[in-house]
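Trainee: my questions are about this predicted structure, shown below with the sequence.
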Amino acid sequence: MDSQAAPNFVSLPNSSSQPTSSSPPALSCPVTRSQHGILKPKRHFNLHTQASKAPLPRNPVSALRDMNWKLAKTDEYNALMKNGTWELVPRPPDVNVIRSMWIFTHKGHADGTFERHKARLVGDGQTQLIGIDCGETFSPVVKPTTIRTVLSLALSKSWSIH
């Protein structure tokens with residue numbers, strides 16, 4: 001046997017060589033499904049809630065019997081915990097405890113269709129004592145339509161805005 005074997009080489013076609021008659025045919029443009037008349041409607045999936053409206057519960061115990069409201073309460077609780085809304089502390093003996101209550105509503109899209117079940121945990125204002133449990137209350141929420149109305153009124157009356 002020869003100790004020096006010849007290396008195996010693969011011959012590549014020369015780029016300057018003429019194309020042969022057995023070359024592959026030119027590729028044509030692809031044809032889409034819509035060009036063939038095949039149309040599929042776009043389906044939107046909502047995996048969080050069911051599409052049906054559950055009736056508004058009268059109390060939190062009846063809300064726990066319905067899975068839609070139970071999920072809504074869980075979402076609200078998780079959001080409150082994530083935002084650090086409160087911290088659990090031992091109850092001092094001489095402090096007024098403000099009760100909380102659940103508010104259940106149906107949220108809808110702008111066109112009036114049902115979107116989801118919404119639960120909110122709020123403090124009961126009837127058990128609060130002004131000056132002891134709470135000070136001044138203020139809600140800094142202004143709707144954009146109010147701002148546009150005030151600005152258009154000031155513009156039409158040539159009022160100064162500051």
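Mentor: The structure has been received and is ready for your questions. What you are looking at is a predicted structure, and each value in this text was computed from that prediction instead of being measured.
Trainee: show the pLDDT at residue 108.
Mentor: At residue 108, the model reports a pLDDT of 86.
Trainee: now swap in the one 3 residues further on and tell me
Mentor: Listed pLDDT for residue 111 reads 83.
Trainee: and it, that's in a helix?
Mentor: No - per DSSP: H, G, I helix; E, B strand; the rest coil, residue 111 lies outside any helix segment and is coil.
Trainee: can you show me the strands along the protein?
Mentor: Assigned strands in the chain, in chain order: 100-108, 114-123 (criterion: DSSP state E).
Trainee: can you give me the buried ones in the longest helix anywhere in the chain?
Mentor: In the chain, taking DSSP state H as the definition, the longest helix is helix 67-83. By neighbour count on 16 or more other CB atoms under 10 Å, the buried set for helix 67-83 is 68-69, 71-73, 75-76. Where you see a C-beta, it was placed from the backbone N, CA and C, and this is true even at glycine.
Trainee: any chance of JSON lines for those residues, columns distance to residue 120 and pLDDT?
Mentor: Putting the buried residues of helix 67-83 into JSON lines (distance: CB to CB, whole Å; pLDDT from 0 to 100) gives the following:
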{"residue": "68", "distance to residue 120": "15", "pLDDT": "90"}
{"residue": "69", "distance to residue 120": "12", "pLDDT": "91"}
{"residue": "71", "distance to residue 120": "14", "pLDDT": "92"}
{"residue": "72", "distance to residue 120": "9", "pLDDT": "92"}
{"residue": "73", "distance to residue 120": "10", "pLDDT": "92"}
{"residue": "75", "distance to residue 120": "10", "pLDDT": "93"}
{"residue": "76", "distance to residue 120": "6", "pLDDT": "92"}
